[in-house]
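1. sequence? don't have it. structure:
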C-alpha cells in the first residue's frame, strides 16, 4: 500500500505541481481511502517529501566506494543521470515552483538528502580524507547547485559542466585550507 | 530615451514576467512609440537582456581591486546585496520562470555577465594569480550557483552561505591542481 501511494503521489506531483497537489487524487489513483493517507502521512507536505525521497533513494543511492573522491564522482554521475531522465525532467518543474507548499517540501527534502550525503563525509573523516568538524554542506552545494543553476536558470548543458575537475579542485582546496 | 525605455522594461518584466512581457506596455510607460523600440532593439528578448544588463551593471559593477580574492569577495558581496534587495527579489521570480523567451533571455544575459566577470580573471592571469588558459566559468558558477540554488530551490538563507571560505577553498584548489 505504501509503495502504491508514494508512486501515485509522484504521478500527481508531476501532473499538478506542489501547490495544486491533491491527496484525493492520490487516493483515487492508488485505490486507497483518503483517510488512510492522512492517518499515515498527516499532511500533503509529508507525503510529497516521502515520495520524492523514495525517488531519490532509488535513482541516486548514497555510494560507499571506499574513497571520498570516488563516492562524489558516483553521486554526481547518478544525479546527472537522474536530472536528464524523463522522470527527472518531469520533476524539475516542481524544483523551481514558487509557493508555501513548494518551499516547505523542498527545504525538508534537500535537508534530508544532504543529511544522507553526510554519511560519505563521515566515512571520509574516519579514513583521514576529510577534516573532522568541517561542515561538508557548502562543498556538496558547490557540486550540486551548478547542475540546478544550469537546468533552471541559464539553460547551459549540464553534461558539459566539468564535475570531476570540480571535485578534484574542491577536495584540494579543502585540504589546502585545513 | 534609452534610459526611460530600459527602466520601463524592468518594470514591465517585474510586473508581467518574460512570457507575458509587452513592448506596447513599455512604450506606453516610457512615453515613446513602439516602432522606436523595435527599431532600436529588434526583439523583446534583446530589450529585456539590455534592461537586465543595465540593472546588473549598476548593482554589481565588476570590481578591480588589484587582487583576485578581493575582486571575488567584492563581486559576491554586491551580488548578495542585489539578490536580497527589493528589486532583486522582484526580479528573482523571472530568474526561474519557464518558457522559450525566459530561457533565451537568461542564456544571453548570463553569458554576457560571465564574459564581463572574465575581466577579473584576465587581470589575475596578468598578475600571476590564475593560470592562463584555464576557463574561469566553472569557478564563477561554483560561487554564484549556490546563491540561486538557495533562493530558488532549497530556501536556505543565503547570508549563511560561507562565501569567503568558499572563495579561499576554490582558489586554493585551482592553485593545487595547476
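-> Arrived safely, thanks for sending. Worth saying up front: this structure is predicted, and the values here are computed from it rather than measured. Numbering: from 1, shown residues only, chains lettered A, B, ... in the order given.
2. Name the helix or strand of chain A that has the lowest mean pLDDT.
-> The least trusted helix or strand in chain A, going by mean pLDDT, DSSP states H and E, turns out to be helix A:86-95, with a mean of 90.
3. Pull out the buried positions in that helix.
-> A:88, A:91-92, A:94-95 (16 or more other Cβ atoms under 10 Å in any protein chain shown). Bear in mind the C-beta positions are built from the backbone N, C-alpha and C, glycine included.
4. Can you list the neighbours in contact with that helix?
-> Contacts with helix A:86-95, where a contact means Cβ atoms under 8 Å, 6 or more residues apart in numbering or on different chains, come from A:10, A:13-14, A:17-18, A:52, A:55, A:59, A:82-83, A:102, A:106, A:148, A:151-152, B:98, B:153.
5. which among the residues you listed end up buried?
-> Burial by neighbour count, judged by 16+ other Cβ under 10 Å, picks out A:10, A:13-14, A:18, A:52, A:55, A:82-83, A:102, A:106, A:148, A:151-152, B:153 from the contacts of helix A:86-95.
6. near chain B, which residues of chain A?
-> By Cβ under 8 Å from any Cβ of the partner chain, the residues of chain A that approach chain B are A:93, A:95-96, A:98, A:103, A:106-107, A:110-111, A:138-139, A:141-142, A:144-146, A:148-150, A:152-156, A:161-162, A:165-166, A:168-177.
7. just the buried members of these?
-> Buried, going by 16+ other Cβ under 10 Å: A:95-96, A:103, A:106-107, A:110, A:138-139, A:141-142, A:144-146, A:148-150, A:152-156, A:161, A:166, A:168-174, out of these.
8. ok, for the residue of chain A found nearest chain B, nearest residue in space, not its chain neighbours?
-> Nearest residue of chain A to chain B: residue A:173, at 2.9 Å (Cβ to the nearest Cβ). Computed as Cβ to Cβ, 6 or more residues apart in numbering or on different chains, the closest residue to residue A:173 that is not its neighbour in sequence is residue B:173, at 2.9 Å.
9. tell me which element that neighbour is part of?
-> Per DSSP states H and E, residue B:173 falls inside helix B:163-176.
10. quick one: low-confidence ranges for chain A?
-> Scanning chain A for pLDDT under 70 picks out no residues.
11. Can you give the distance of whichever helix in it runs longest from its chain's centre?
-> What stands out as the longest helix in chain A, according to DSSP state H, is helix A:100-126. In this view, helix A:100-126 has its centroid 8 Å away from the chain centroid, taken as Cα atoms, centre = their mean, to the nearest Å.
12. same check, this time on stretch A:119-130
-> Relative to its parent chain, stretch A:119-130 has a centroid offset of 21 Å by Cα atoms, centre = their mean.
13. What are the buried residues along that stretch?
-> Per 16+ other Cβ under 10 Å, stretch A:119-130 contains these buried residues: A:120-121, A:123-125, A:129-130.
14. Surely residue A:70 and residue A:63 touch.
-> Yes - with contact defined as Cβ atoms under 8 Å, residue A:70 counts as touching residue A:63 (7.3 Å).
15. between these two, who's got more neighbours?
-> Of the pair residue A:70 and residue A:63, residue A:63 is the one with more neighbours under other Cβ atoms under 10 Å in any protein chain shown, namely 19 against 13.
16. was I right about the more buried one contacting residue A:77?
-> No - counting by Cβ under 8 Å, residue A:63 does not reach residue A:77; the two are 9.1 Å apart.
17. hey, what's in contact with both of these two?
-> Applying Cβ under 8 Å, 6+ apart, one finds that no residue jointly contacts residue A:63 and residue A:77.
18. contacting residues for residue A:161?
-> Going by Cβ under 8 Å, 6+ apart, residue A:161 touches A:146-147, A:150, B:138, B:141.
19. same question but for residue A:48, I mixed them up
-> Contacts for residue A:48 (Cβ under 8 Å, 6+ apart) come out as A:9, A:13, A:18, A:21, A:101, A:105.
20. in what helix or strand does it lie?
-> In the assignment (DSSP H and E), residue A:48 maps to helix A:44-59.
21. now that helix, how far from the centre of its chain.
-> With Cα atoms, centre = their mean, you get 9 Å for helix A:44-59.
22. ok, the residue nearest to residue A:68 when sequence neighbours are not counted - contacts?
-> Once flanking residues are discounted, residue A:68 sits nearest to residue A:124: 3.9 Å by Cβ to Cβ, 6+ apart. By Cβ under 8 Å, 6+ apart, the contact set of residue A:124 is A:68, A:71, A:130.
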